[in-house]
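Enquirer: just need the structure, nothing else, for what follows:
(one chain, ligands or ions: 1)
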Amino acid sequence: MVIFGLIFSAILASANNYFNEYLMDAVKGERDYCRLVVAPDKTEACLKKIDDFVSSVNSCDTSSTRYEEAKISDAQQQKEFLSQVEEVAVPARVKTMFRMLTENTLDLDWKLTAYNSEEFAAQSSIGGHIIISSKLLNSFTLGEVTAVLAHEMGHSVKRHSQQHGCLALAWTLKDQPLNLAFKTFSLMQGIESSAYPVGQAALALSHKAELEADAYAITLLNKSGINPMLMSKALEKLASPEGLVHSHPELKTRILKARDLGLKIQDTGFRYVNF
Ligand SMILES: [Zn+2]
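Expert: Sure, this is the predicted structure:
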């Protein structure tokens, strides 16, 4: 699940770089251990174990098993979340806009639920269930709400929670039996093993996911005949004094990018639904 408007620290490098660097460092340490520390007759088995692990991490993003796992995990989290809040009716006009969007994207199990809250919040599952707060529904214009829905749908379509799960899988390298050896080796090299930047990778991945979902939303809005500039408008609303995250650099970057992309994609000859 990804919460709309979550704030992340400014990490400019792409998540993939962080992810790969982290993984490659860890794997190198493990391989060195196999070659240098374990008994010679066990070296091959040791190396194979690491290779198997690396290939399972590398195929994680595209694995259909992982996709099903992420779906179940997201659905469970949402069920738990909804059991703790008061559900409210989704206004008919919001339902109509949501339907317009779903007709122009992948055929997921799309569903929209609203709940009572004093916070600006929306979240989505990889299966296509979007949950939105009453505060957001009541404070944003219909167009801005539509942009937020499109953004959340972007998280679902792009399978962002599966990607986060894959990062967690990579992190399990630290819990592999070989990890003790890895730690020893790291210490020998003067590296603090806890310094591996998995936390940074997660932050970078989150930031990348937000930008990707914004870009997806802009394209989807445009495709649905809805003004694509509404994405940057929604982000600006979030950044306004009444929003919670004003002046945050990550949000500023998102607004600028959303504005640029919206202007680029905007088809001036097209009659957009305007609101
Ligand atoms: Zn988001």
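Enquirer: now do the contacts for Asp74.
Expert: 1, 125-127, 129, 161 (Cβ atoms under 8 Å, 6 or more residues apart in numbering). All C-beta spots, glycine's among them, are computed from the backbone N, C-alpha and C.
Enquirer: secondary structure class of Gln123, three-state.
Expert: Secondary structure, DSSP: H, G, I helix; E, B strand; the rest coil: Gln123 is strand.
Enquirer: helix or strand next in line after the helix or strand harbouring Gln77, which one?
Expert: Taking DSSP states H and E as the criterion, Gln77 maps to helix 64-83. Sequence-wise, the next helix or strand downstream of helix 64-83 (DSSP H and E) is strand 87-88.
Enquirer: so what secondary structure elements neighbour that next one?
Expert: Packing contacts for strand 87-88, counted by 3 or more Cβ pairs under 8 Å, 6 or more residues apart in numbering; DSSP states H and E, involve strand 111-115.
Enquirer: list the buried ones in the strand it packs on?
Expert: Going by neighbour count (16 or more other Cβ atoms under 10 Å), the buried part of strand 111-115 is 112-115.
Enquirer: with stretch 52-66 instead?
Expert: Buried residues in stretch 52-66 (16+ other Cβ under 10 Å): 53-54, 57, 60-61, 63, 66.
Enquirer: state the mean pLDDT of it.
Expert: Averaging pLDDT along stretch 52-66 yields 82.
Enquirer: tell me how far it lies from the chain's centre.
Expert: 18 Å (Cα atoms, centre = their mean, to the nearest Å).
Enquirer: what about that stretch, start to end distance?
Expert: 16 Å (Cα to Cα, to the nearest Å).
Enquirer: stretch 104-117 too?
Expert: Per Cα to Cα, stretch 104-117 runs 29 Å from first to last residue.
Enquirer: same deal with stretch 30-50?
Expert: End-to-end distance (Cα to Cα), stretch 30-50: 7 Å.
Enquirer: coming back round to it: kindly reformat the buried residues of strand 111-115 as TSV containing pLDDT and distance to Phe140.
Expert: Output for those, formatted as TSV (pLDDT from 0 to 100; distance: Cβ to Cβ, whole Å):
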residue	pLDDT	distance to Phe140
Leu112	98	15
Thr113	98	17
Ala114	98	12
Tyr115	98	15
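Enquirer: please identify which of those residues is nearest to the ion.
Expert: Distance to the ion across these (Cβ to the ion) is lowest for Leu112, with 15.8 Å.
Enquirer: quick one: contacts for that closest one?
Expert: Per Cβ under 8 Å, 6+ apart, neighbours of Leu112: 90, 94-95, 98, 129-132, 149.
Enquirer: what bridges to it?
Expert: In this structure, Leu112 bridges to Ile130 when assessed by DSSP bridges.
Enquirer: use 23 as the first number for this chain going forward.
Expert: Taking 23 as the first residue, the last one we looked at is Leu134.
Enquirer: separation between it and Val49?
Expert: From Leu134 across to Val49, the span is 42 Å (Cβ to Cβ, to the nearest Å).
Enquirer: likewise Ile148?
Expert: 27 Å.
Enquirer: now, of the contacts of Leu134, which are buried?
Expert: 116, 120, 151-154, 171.
Enquirer: farthest-separated two in the residues you listed?
Expert: Using Cβ to Cβ, the pair of these lying farthest apart is Val116 and His151, separated by 15.1 Å.
Enquirer: quick one, helices of the stretch 73-222 of the chain?
Expert: 86-105, 114-124, 156-161, 164-179, 182-193, 201-210, 220-245 (DSSP state H, counting those that start in this stretch).
Enquirer: tell me the mean pLDDT for the last one?
Expert: On average, the pLDDT along helix 220-245 is 83.
Enquirer: who does it touch, helix- and strand-wise?
Expert: strand 24-25, helix 37-58, helix 164-179, helix 182-193, helix 252-261, helix 271-287.
Enquirer: ok, the fourth one next?
Expert: Helix 164-179 sits against helix 114-124, strand 144-146, strand 151-155, helix 156-161, helix 220-245, helix 252-261, with contacts defined as 3+ Cβ pairs under 8 Å, 6+ apart.
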